[in-house]
Every structure is written in C-alpha cells, then in structure tokens.
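> just to be clear, the model below is a prediction. Sequence and coordinates:
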Amino acid sequence: MIRAGRHHLVRTLADLAAQHGVGIDRYTRLKPYEAEGFPAPVSSEGSRTRLYDGEQVDAYLLGKPVPPLPAKEDDGDLLDRRECAAVIGVAPRSWDTYKHDPALTEARVEAGGVEHWPRGAVKAFQDSRPGRDASATRGGRPTRTGDQVPRDQVPALTAELLDADPTISAATVTERLGVHRDTAQQALTRLRADRIADHIEAHPTLTPAEAAAQLGYPAGQVRRATARAEIVLRARRVGPYLAEVAAALHRAGWTTTDAAPDVQFPGDDRVVAALVLDGDRAPAPAVVWDERYGWRTAASRRHPITKGAVPPSEGEGVRYLAGGIAPPPGDIVAALTTPDA
C-alpha cells in the first residue's frame, strides 16, 4: 500500500530506469531492484505494476539507511485492488465489480498508472453495504415487492456469493439478496460470462464450456453464460481498435474525450459501441460501430444505438461509412469529413 501523504513519492520501474539512465528493457533485464537491501515494493504482492517509495529508493542508492514506512494504519492510506478486497473480505475479482459504485469511483486515485482507493473510502463503503446476514431474517423476496437491494449493488453482492459457491443458482441469489429472480439470473449470467472470458484469456486453448467446467460452474446453469463469454471476448479484442478511433476523433476536435467507448451487447448476440461527438463542429451527433457492418452515424446523442436486430436505414441523420468492418481511424475521419452524397 501507499502510506498516507506519500502519493507524490511513488515511482514505477520506468521511473527507476530513467533514474539510472537506462531504458526500461535493459533495467528489467539487469533487475537491480532484486539486489539485497533494495527497498520492497509498496504495491501488493502479485501486482502487475511494481511501485516503490521514492524516498526509500533514493536513500538506498546513496548508501544511506533506508527509512521505514509509517507502520500505523491511516484512512489516507492508498490501497490497490487486492488490498481493497482484503479489507472487505472478498476476492479481488469481486472488487472489480464493487469499484464501480459511485462513491468509490469518486474516491479513486491513480498512482503509477494503477488504481488505488483511500482506506477511509473503502471502510465507508463496507459500512454502507447491506448486511450479509439480512437474508436470514428476510426469508427471501416477498411477492409483489421490489428488489430489496439497490440495483447497482446487486452485481457486487452476487459476485461475493459466486466466490463462495461457484454452483450457486439464481433461486439462491434471489433468496439471499431479496431480489427478483430475473435480476439474480442476469447478474449471475454476466458475472459467469466475464469470468469464463478471463479464464480463456489466461488459457487460450479452452472452449467456453471447458472454462466453465474448470471454474466449477454446473453445465446446466451456464448455457447463456458461455454464449455471452464468446461475445465478451470479441468485445475485448476490438477494444484497442475502438480506442484508436476515439483518439482520432478527439484529435479532429469532434469529441471532448479520447476514452474508448464502452461496448454494449444488444440482444446478447453482438458487439456494438457508440462514440458521442460532442465537439462544437462535429459532423454528426454520434457514430456507432457494429461488428456486423462497421461504422455509421447516428441522429441522437442520447440514444445512438437502436433497439432490434435490423440495422437502421440510411436517412434522417443515419449514414453508413464505407471501408469494411474495421477501417483505419483516418478513413473514418475522412468519411465523416466528406459531405453526404
């Protein structure tokens, strides 16, 4: 963890390489950070990105005693995903769902390119969660009542139940959380699909069904999840391309952000993404990418993605941009610059 008040001292391996006057590739080959006495990382064990305390590193390089980090916990300590998960007693992949809570999104801090959250914000979030044992007195979801857990908390709470029991059913989630059966089923399907996709990325030779079996998911419960996992994998593969297009449209001055768009799965059978063009001289309100036909313009910023499986017809603000399913970003800019024929 990064102790309170030491955020500005965080250094990555790239920072240490620059401090040594060498490139990052050479630095990681030499591995001077594995020498005896070199300060331990402040990132959690197993993190992909190593982070170090700059004051400690400087002292080591000068041959001085390495100062210890504060030992006392502080609400200002910055915790990474593994540490946050440990604080509230869940698996790290459950934290990946919890972190989308508005309070945690607002509290998020980036250090060395890694997401962190203040200990105080994590503890406050834990205190605000519905009690785990509420189902013991609730006795399931009464008929003709709404969900008893806020909808935005259902994925995270369901993830915790799935961590504890990979074979859990939608009926059990309904009973434990007091939510509608459809709500429980949707949360389980999406969580299992994401985890199946994660497992396949780590073991590319597996089929979705094989990945589901290795994760302990009963075959009779995961037909929809395995199908969705294939769509999730396609969405992940196209993510870098969509990010390049977003950056190109941002450079053209048509969007105020260059962030990659969130993909959507209309009908749970295809990958679609929309980029809102909110610049002053944008050529259209939005553009939409669909894995079936590529790019088109949209007439609405609020609702660029239309419902139904049939692609919208050209006209009234809709224009299909030639160039195939995934044309180069520059071609999209050029097509948008060209007036309608």
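Great, that's in hand. Given the structure is predicted, the values throughout are model-derived calculations rather than measurements.
> so which residues of the stretch 1-150 of the chain form helices?
Here the stretch 1-150 of the chain has its helices, by DSSP state H, counting those that start in this stretch, at 13-20, 24-30, 54-61, 81-88, 92-98, 102-107, 119-128, 134-138.
> can you check which of the ones you listed gets nearest to Thr189?
When these are ranked by proximity to Thr189, the top entry is helix 92-98, at 13.9 Å, counting by Cβ to Cβ. (C-beta placed from N, C-alpha, C; glycine too.)
> convert the closest one to CSV, retaining C-alpha atoms only.
Backbone C-alpha positions of helix 92-98 (Å, rounded to 0.1, in the frame of the first residue of the first chain) are rendered in CSV as follows:
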residue,chain,number,x,y,z
PRO,A,92,-10.1,-9.3,-6.0
ARG,A,93,-12.4,-10.0,-8.9
SER,A,94,-15.3,-9.1,-6.7
TRP,A,95,-13.7,-5.8,-6.0
ASP,A,96,-13.5,-5.2,-9.8
THR,A,97,-17.3,-5.1,-9.6
TYR,A,98,-17.6,-3.1,-6.4
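> what sits up against it?
For helix 92-98, the external contacting residues (Cβ atoms under 8 Å, 6 or more residues apart in numbering) are 81-82, 84-85, 88, 90, 104, 125, 155-156, 159-160, 163, 191, 195, 198.
> one more: stretch 324-337?
Counting by Cβ under 8 Å, 6+ apart, stretch 324-337 makes contact with 238, 241, 244-245, 247-249, 252, 254, 283-284, 287, 291-295, 297, 321-323, all of which sit outside it.
> now swap in stretch 121-131 and tell me
Under the contact criterion Cβ under 8 Å, 6+ apart, stretch 121-131 has outside partners 75, 79, 84, 87-88, 98, 101, 103-104, 107, 149, 153, 157, 177.
> repeat the analysis, applying 10 Å as the threshold.
Stretch 121-131 is touched from outside by 75-79, 83-90, 95, 98-99, 101, 103-104, 106-109, 117-118, 137-138, 148-150, 153, 156-157, 160, 177-178, with contacts defined as Cβ atoms under 10 Å, 6 or more residues apart in numbering.
> in ChimeraX, select just the buried ones from those.
Taking 16 or more other Cβ atoms under 10 Å as the burial criterion, the selection of buried members of the contacts of stretch 121-131 in ChimeraX is written as:
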select :77,78,79,83,84,85,87,88,90,95,98,99,101,104,107,117,118,138,148,149,153,156,157,160,177,178
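> of all the contacts of helix 92-98, which comes closest to Gly315?
The nearest one, if we look at the contacts of helix 92-98 relative to Gly315 and count by Cβ to Cβ, is Pro155, at 38.8 Å.
> picking that back up, which two from the contacts of helix 92-98 end up farthest apart in space?
Put simply, by Cβ to Cβ the two of those set farthest apart are Phe125 and Asp198, 23.4 Å from each other.
> the strands in this protein, which residues?
Taking DSSP state E as the test, the strands found in the chain are 10-12, 51-53, 78-79, 109-111, 114-118, 263-264, 272-276, 286-290, 294-298.
> got the ones you listed as a markdown table, with mean pLDDT and distance to Pro328 columns?
Shown next, in a markdown table, are the strands of the chain (pLDDT from 0 to 100; distance: least, Cβ to Cβ, whole Å):
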| stretch | mean pLDDT | distance to Pro328 |
| --- | --- | --- |
| strand 10-12 | 93 | 32 |
| strand 51-53 | 95 | 36 |
| strand 78-79 | 94 | 40 |
| strand 109-111 | 89 | 30 |
| strand 114-118 | 92 | 31 |
| strand 263-264 | 86 | 20 |
| strand 272-276 | 92 | 16 |
| strand 286-290 | 93 | 13 |
| strand 294-298 | 92 | 11 |
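> quick one: those strands as TSV, columns for distance to Thr338 too.
As requested, these are exported to TSV (distance: least, Cβ to Cβ, whole Å):
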stretch	distance to Thr338
strand 10-12	43
strand 51-53	47
strand 78-79	48
strand 109-111	39
strand 114-118	40
strand 263-264	27
strand 272-276	18
strand 286-290	14
strand 294-298	12
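> nearest to Ala4 among the contacts of helix 92-98?
Closest approach to Ala4 among the contacts of helix 92-98 (Cβ to Cβ): Cys84, at 15.4 Å.
> how close does that closest one get to Lys99?
Separation of Cys84 from Lys99 (Cβ to Cβ, to the nearest Å): 8 Å.
> coming back round to it: nearest to Leu275, out of the helices of the stretch 1-150 of the chain?
Between Leu275 and the helices of the stretch 1-150 of the chain, the shortest separation by Cβ to Cβ is 21.1 Å, and it involves helix 102-107.
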